[in-house]
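# Could you work out the structure for the sequence below:
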Amino acid sequence: MVSTNATGNIINLRNESAKYFVEDLGNGVTLEMVEIPGGTFIMGSPENEAGRDSDEGSQHQVTVPSFFMGKYQLTQAQYQAIMGDNPSAFKGNNRPVERVSWNDAVTFCEKLSQKTQKNYRLPSEAEWEYACRAGTTTPFYFGESITTDLVNYNGNYTYGSAPKGQDRLQTTDVGSFPPNAFGLYDMHGNVWEWCLDDYIGNYSNAPKGGSALTGRSSEKLLRGGSWFSYPSNCRSANRGYNGPGFVSIYDNGFRVVCATVWN
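Down below sits the predicted model:
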């Protein structure tokens, strides 16, 4: 786990331990799942956070039960193993799958559940932000700012006092940058991640128990920002959305959650 100050300089580096299980998808392809311990956190951003959008409020307390989450964004090899195709623009077995709609992601989870006899799904928005923050309250799980040494985003733009950096113009292999305290990689940048929830423009009726908000909108949530994004769009609290059938040109992907594990 890496911590940064406002200029993006690393001020702390420590190793965290996490519980995992590994799902065998066949043909040498595996899926690593990390246990996310249950807990309570403040969801949304404070009004004084730089780059904040109005739909990130109001801040509210949410209690999230424990669950397992994909250690990495779902890769092209993993998607191919379950779906039999690879729609991605930036090809690479260990790059995140992109050019997938919310409907595609839900279908993947259904097929993976059938194959494994476990309950796989997309994360709720509350689960996603709780897992991303990993106990932090700063704009990023690294701290006050990020650099392109830590996250794949559009380095032509800056956040806080951090310097400009690389603009890679493409995805990178999952796990190329340091993880957060829960052992999750690429929760900021690389590709946007679909969540289970419907999008509404505030948290006035948001669930307090970590479940997804459904039946309220025709738009679905995206979280985390991408290689194409400004750094402010990669913040822990930032929210994106699109229709469930929308396919981005190159930067919408997902990661999976498993709510139940059998020994």
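# which residues of the stretch 151-263 of the chain score low on pLDDT?
260-263 (pLDDT under 70).
# measure Leu74 to Arg95 for me?
Leu74 is 10 Å from Arg95, where distance means C-beta to C-beta, to the nearest Å. The way it works is simple: take the backbone N, C-alpha and C, and place the C-beta from them, glycine included.
# can you pull the contacts of the residue nearest the centre of the chain?
When C-alpha atoms, centre = their mean is applied to the chain, the residue found nearest the centroid is Met187 (4.2 Å). The contact partners of Met187, by C-beta atoms under 8 Å, 6 or more residues apart in numbering, come to 131-132, 141, 180, 224, 236.
# Next, give me the two most distant ones among these.
Asn180 and Gly224 (11.6 Å; C-beta to C-beta).
# More neighbours: which of the two?
Using other C-beta atoms under 10 Å as the criterion, Asn180 and Gly224 rank with Gly224 on top: 28 against 23.
# The more buried one and Gly189: what is the separation?
Here Gly224 is placed at a distance of 7 Å from Gly189 (C-beta to C-beta).
# Same check on Phe67?
The gap separating Phe67 from Gly189 is 23 Å, by C-beta to C-beta.
# Gly201 now?
24 Å.
# So between the two, which is more surrounded?
Gly189 (29 against 12).
# right, and the more buried one touches Val151 too?
Yes: at 4.1 Å, Gly189 counts as touching Val151 under the criterion of C-beta atoms under 8 Å.
# and the gap between the residue nearest to the centre of the chain and Pro37?
For Met187, the distance to Pro37 - C-beta to C-beta - is 16 Å.
# go on, Asp149?
Using C-beta to C-beta, which is the criterion applied here, Asp149 is 28 Å from Pro37.
# ok, back up a step: can you lay out the contacts of Met187 as TSV showing secondary structure and distance to Gly245?
Below are the contacts of Met187 laid out as TSV (DSSP: H, G, I helix; E, B strand; the rest coil; distance: C-beta to C-beta, whole Å):
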residue	secondary structure	distance to Gly245
Ala131	helix	26
Cys132	helix	26
Tyr141	coil	31
Asn180	coil	31
Gly224	coil	21
Ser236	coil	27
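# What is the nearest of those residues to Glu56?
Top of the list for closeness to Glu56, among those and by C-beta to C-beta, is Ser236 at 9.7 Å.
# what about the closest one, how many neighbours?
By other C-beta under 10 Å, the residues close to Ser236 number 28.
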